[in-house]
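Q: What would the 3D arrangement of this be:
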Amino acid sequence: MKVCIYFEAEKLIQTSGIGRAQAHQKKALELVGIPYTTDPNEDYDILHINTYVFNAANEINKAHAAGKPVIFHAHSTEEDFKNSFILSNQLAPLFKLHLINMYSMAELLITPTPYAKSLIENYGINKPIIPVSNGVDIHRYARDEEKVKAFRKYFSLKPGQQVVMGVGFYFERKGIVDFIEVARRCPELTFIWFGYTAKIALKINVRQAMDNLPANIILPGYVRGPIIEGAFSDADAFFFPSFEETEGIVVLEALAAQCPVLVRDIGAFDPWLINEKNCLKANTVEGFVKQLRRITTKQVDTTPEGYKTAKERDLPEIGKQLKAVYEKVLTMPIGKE
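A: Below you'll find the predicted structure:
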């Protein structure tokens, strides 16, 4: 069994969650000994599509003509397309139609969570849908004192200076406006948001918030490697007030690093993130402030259970789940509605 892991526009997505999922898929397959290629011109047995912008439909037709099954990894939904960049809400219905068309071409769909599965099912797509987490590399996020030193030096942090970190594009959907407002109400804490989006693509309310930042917030842009990995290990809290996700790989990374996690109470995190057990949840600025202060004053510690949650999604386990999906699709009829 050899799988073609298909991604289009890799350079455009490499800093996104889908880009991270790509790296995780490759490593997960390596860990369970499944041969793969990223070149659809090579011989393979299963086509596993992840992005679908330019040539995916053509590759699906070629696979079906050769009697090879197709899996679509449904990373995207209309719901997580909305409230991102300018005109995203206006374009969302067209994007949904595109997704329905593309997803319907596959024999089987993979979604990152049961929540994402429920969204796709509500689109009326009559295909088997199997939830498989995007996973996390547990070992990569184990505490490393050299990475911690690199992080604290990069931001010139003083001993005892408490840090709340967030990660994502500067999208309204990601909750950056609330992140900024919570920082304003917690001047005793330092807030760092890792990520970047060109200002021209931002919605007006996000631009306005970013033009009026409190003094205790840092926006370093896209940072990778030891610095952000050290941040996950050393931050006093990971605060992710996103309004919509299909999973949220950065949350898994925070759990793996044993960083206390605070998220918005949304469908994507149900049922695998449980308030007061492996994370804290809130829905309002006031609620986030209250929960952050509980975390930073050590009134609550959800990290042991959070780490268990991450371990359940370690890449070797994801590789096993992907292998089971591949074995299933090989038994299915090709190109049938």
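
Q: Am I right that residue 172 is in a helix?
A: No: counting by DSSP: H, G, I helix; E, B strand; the rest coil, one finds residue 172 to be coil, located in no helix.

Q: Spatially nearest residue to it (excluding sequence neighbours)?
A: Leaving aside its chain neighbours, residue 172 sits nearest to residue 83 (4.6 Å; criterion: Cβ to Cβ, 6 or more residues apart in numbering). Using the backbone N, CA and C atoms, a C-beta is placed for each residue, glycine as well.

Q: Does that neighbour lie in a helix or a strand, and which?
A: Using DSSP states H and E, residue 83 maps to neither a helix nor a strand.

Q: Wait, it touches residue 171, no?
A: Yes: using Cβ atoms under 8 Å, residue 83 is in contact with residue 171, at 6.9 Å.

Q: Looking at the two, which is more packed in?
A: More neighbours surround residue 171 than the other of residue 83 and residue 171, with 24 against 18 (other Cβ atoms under 10 Å).

Q: Tell me the spacing between the residue lying closest to the more buried one once chain neighbours are set aside and residue 54.
A: Leaving aside its chain neighbours, residue 171 sits nearest to residue 84 (4.3 Å; criterion: Cβ to Cβ, 6+ apart). Separation of residue 84 from residue 54 (Cβ to Cβ, to the nearest Å) stands at 20 Å.

Q: More neighbours: which of those two?
A: residue 84 (23 against 9).

Q: Can you list the buried residues in the helix or strand harbouring residue 286?
A: Under the criterion of DSSP H and E, residue 286 resides in helix 285-296. Using 16 or more other Cβ atoms under 10 Å as the test for burial, helix 285-296 gives 285, 287, 288, 289, 291, 292, 294, 295, 296.

Q: What helices and strands are in contact with that helix?
A: With contacts taken as 3 or more Cβ pairs under 8 Å, 6 or more residues apart in numbering; DSSP states H and E, helix 285-296 sits against helix 176-185, strand 237-240, strand 261-264, strand 280-282.

Q: Could you export these as TSV, including mean pLDDT and mean neighbour count?
A: Listed next are the helices and strands packed on helix 285-296 as TSV, based on pLDDT from 0 to 100; neighbours: other Cβ atoms under 10 Å:
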stretch	mean pLDDT	mean neighbour count
helix 176-185	98	21
strand 237-240	98	26
strand 261-264	98	24
strand 280-282	98	21
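
Q: Could you give the separation between the terminal residues of stretch 67-80?
A: 33 Å (Cα to Cα, to the nearest Å).

Q: Find out how far that stretch is from the centre of the chain, if you would.
A: On the basis of Cα atoms, centre = their mean, to the nearest Å, stretch 67-80 sits 15 Å off its chain's mean C-alpha point.

Q: and what of stretch 224-235?
A: Distance, centroid of stretch 224-235 to centroid of chain: 17 Å (Cα atoms, centre = their mean).

Q: Stretch 44-55 too?
A: Stretch 44-55 has its C-alpha centroid displaced from the chain centroid by 20 Å (Cα atoms, centre = their mean).

Q: start to end distance for it?
A: 18 Å.

Q: what ranges do the strands span in the stretch 101-250 of the chain?
A: Under the criterion DSSP state E, counting those that start in this stretch, the stretch 101-250 of the chain carries strands at the ranges 108-111, 129-131, 163-167, 190-194, 217-221, 237-240.

Q: Would you reformat those as CSV and include distance to residue 252?
A: Below are those laid out as CSV (distance: least, Cβ to Cβ, whole Å):
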stretch, distance to residue 252
strand 108-111, 15
strand 129-131, 14
strand 163-167, 11
strand 190-194, 15
strand 217-221, 22
strand 237-240, 11
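
Q: Compare the helices and strands packed on helix 285-296 and give me the one nearest residue 73.
A: strand 237-240 (22.1 Å; Cβ to Cβ).

Q: Tell me which residues touch residue 34, please.
A: Shown in contact with residue 34 (Cβ atoms under 8 Å, 6 or more residues apart in numbering): 1, 2, 3, 319, 322, 323, 326.

Q: Scan these and report the most crowded one.
A: residue 322 (24 neighbours).

Q: Can you pull the phi/psi pair for it?
A: phi -60, psi -40 (degrees, to the nearest 10).

Q: Residue 8 is in contact with residue 51, correct?
A: Yes: the pair residue 51 and residue 8 passes the contact test of Cβ under 8 Å, sitting 4.6 Å apart.
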